[in-house]
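# I need the structure of the sequence given here:
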Amino acid sequence: MGAAHAASLMAVFKLGLVGAGRMGRTHLRALVGSETVAITAVTEPALLVRNEFAQAGLAVHATLDAMLDAGGIDGVLIAAPSDTHLELVRRVAAAGLAILCEKPCGTTAAQAADAARITHAAGIKLQIAYWRRFVPALRRLRQRIADGAFGGIYLAACYQWDERAPPASFRAHSGGIFVDMGVHEFDQLRWLTGQDITRVHASATTVAHDEPVGGDAESAQVLCELSGGSTGLVSLGRRFPHGDVCWAHIFGTRDAEECRFLWPPDAEAAFLQALRLQAENFARGVVGTETDAARAEDAVAALTAAEAASCVLR
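Modelled structure (predicted):
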C-alpha cells in the first residue's frame, strides 16, 4: 500500500446525507463515534428539521443541488423515499460523487438497472445499503456455508418481522411488502448461499388484522427455488409483539443452525453496528479496497425476485 493510499484511509470520509427521516436519523446515530466516516451535511426540505440539524453543527441544505454546489463532501448517502432513488442517483452521479444508496435503489428492477448504467458511465462507485452483509453473526454463518460445514443445503430460511407497520404515507411510496421488506431477505438469501433465485411462489396472509393498505399485505411468505438446487424461504410480517426481529435458519445434510442476529433486547445495537460497518466499508471501497458489499447488480436481482413475488399475488 502506497503512502498516499494509506493517508486516504486514515482521513475521515465526509458523507452528505439526503433525507433526514427515520432511516436518515438512524444512519446519523450509527455513525456517532466512527473514526473513519462522518455525516457532515444534510439535505432536507423541511425547515424545522433543517434547523434542528443546524443546531447540531451540521451543514444543512434545502435541496440536493445546494449541497452538491457547497462541496466539502466525499460521497452521498441517499436515505430518501424509494421512489426518488433513481433521480437522486442520476444527479449525484453527474456531480461525480460516490453513492451509498439505501435499499432498494428504486422500486423496480428496471430502475436499479438504470442506476447501474448511470453510475458505470460516470465512473463512480454505487453501493446498495444491504446492511445484513455486515452483521458479524451472518458473516460467520456465510463462511460456514462456504466451508461446507452444513453439507448440501436443503433449506435457507430468512425472516423479517417488524414490531409495527409503518405509516400509510410511507407505504404509499415503498413499492409494497416485497419491495420494502423482502428485498433484504432476497439479497441475504443470495449472499448467504451463493445461489441465484430462479423461481418464486408467494402467499399473503389474510386474517382479521391484516387489511391491506393500498394493496400492501401485512404478512407474506415466499418459497424460492435456487440455482444450486436448494430451497429458500422468505417470511415477512409487519406486526410482531416482541419487537423488530430478523433471523435466519440453515438446514443442511450435515448440520443446521439458527441465527437470531436482530432480536430484542439487543436489536438496535446490532442494527447500528451493521450500519456503521457498512458505511466504513463504503469509504474503504471508494479509495479502492475490494469489498463484498451489495452492488447495483445485486439490487436488480433482489428487485427482480420482489417483482416476481408481487406478480404471483395479483
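
# centre of the chain to the strand or helix carrying Ala157, how far?
For Ala157, the host element (DSSP states H and E) is strand 153-161. Centre-to-centre, strand 153-161 and its host chain are 18 Å apart (C-alpha atoms, centre = their mean, to the nearest Å).

# pull the residues that contact that strand.
With contact meaning C-beta atoms under 8 Å, 6 or more residues apart in numbering, strand 153-161 is reached by 145, 181-182, 184-185, 188-189, 192-193, 226, 228, 230-240, 244-253. From N, CA and C alone the C-beta is placed, and that goes for glycine too.

# now do the buried residues in it.
Residues of strand 153-161 classed as buried by neighbour count (16 or more other C-beta atoms under 10 Å): Ile153, Ala156, Ala157, Cys158, Tyr159, Gln160, Trp161.

# ok, that strand: who's next to it in the sheet?
The strands beside strand 153-161 in its sheet (DSSP bridges) come out as strand 231-237 (parallel), strand 245-252 (antiparallel).

# export that strand as CSV, just CAs?
Provided in CSV are the C-alpha atoms of strand 153-161 (Å, rounded to 0.1, in the frame of the first residue of the first chain):
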residue,chain,number,x,y,z
ILE,A,153,-28.2,-27.0,1.8
TYR,A,154,-31.8,-28.3,1.9
LEU,A,155,-33.3,-25.0,3.1
ALA,A,156,-32.2,-21.5,3.8
ALA,A,157,-34.9,-19.6,5.6
CYS,A,158,-34.8,-15.8,6.2
TYR,A,159,-37.3,-14.0,8.4
GLN,A,160,-38.0,-10.3,8.9
TRP,A,161,-40.9,-9.3,11.3
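
# could I get the full set of strands for the chain?
For the chain, applying DSSP state E gives strands covering 13-18, 37-43, 59-61, 75-78, 98-102, 126-129, 153-161, 197-204, 219-226, 231-237, 245-252, 256-262.

# where in the stretch 101-250 of the chain is pLDDT low?
Residue ranges of the stretch 101-250 of the chain with pLDDT under 70: 170-174, 208-215.

# for the chain, what spans make up the helices?
Applying DSSP state H to the chain gives helices spanning 3-10, 22-30, 47-55, 64-70, 85-94, 109-122, 136-146, 168-171, 177, 183-193, 267-286, 296-313.

# OK, contacts around Leu233?
By C-beta under 8 Å, 6+ apart, the contact set of Leu233 is Leu155, Ala156, Ala157, Cys158, Gln221, Val222, Leu223, Cys224.

# now Cys105: closest residue in space that isn't a chain neighbour?
In space, and not counting its chain neighbours, Cys105 is closest to Ala299: 4.1 Å by C-beta to C-beta, 6 or more residues apart in numbering.

# cool, and His201?
Distances taken as C-beta to C-beta, 6+ apart place Leu223 nearest to His201, at 4.4 Å, with adjacent residues excluded.

# cool, Leu303 as well?
Setting aside the residues directly before and after it, Leu303 is nearest to Ala109 in space (C-beta to C-beta, 6+ apart), at 4.1 Å.

# can you check Asp196 too?
Spatially, and ignoring its direct neighbours in sequence, Asp196 is nearest to Ser227 (4.3 Å; C-beta to C-beta, 6+ apart).
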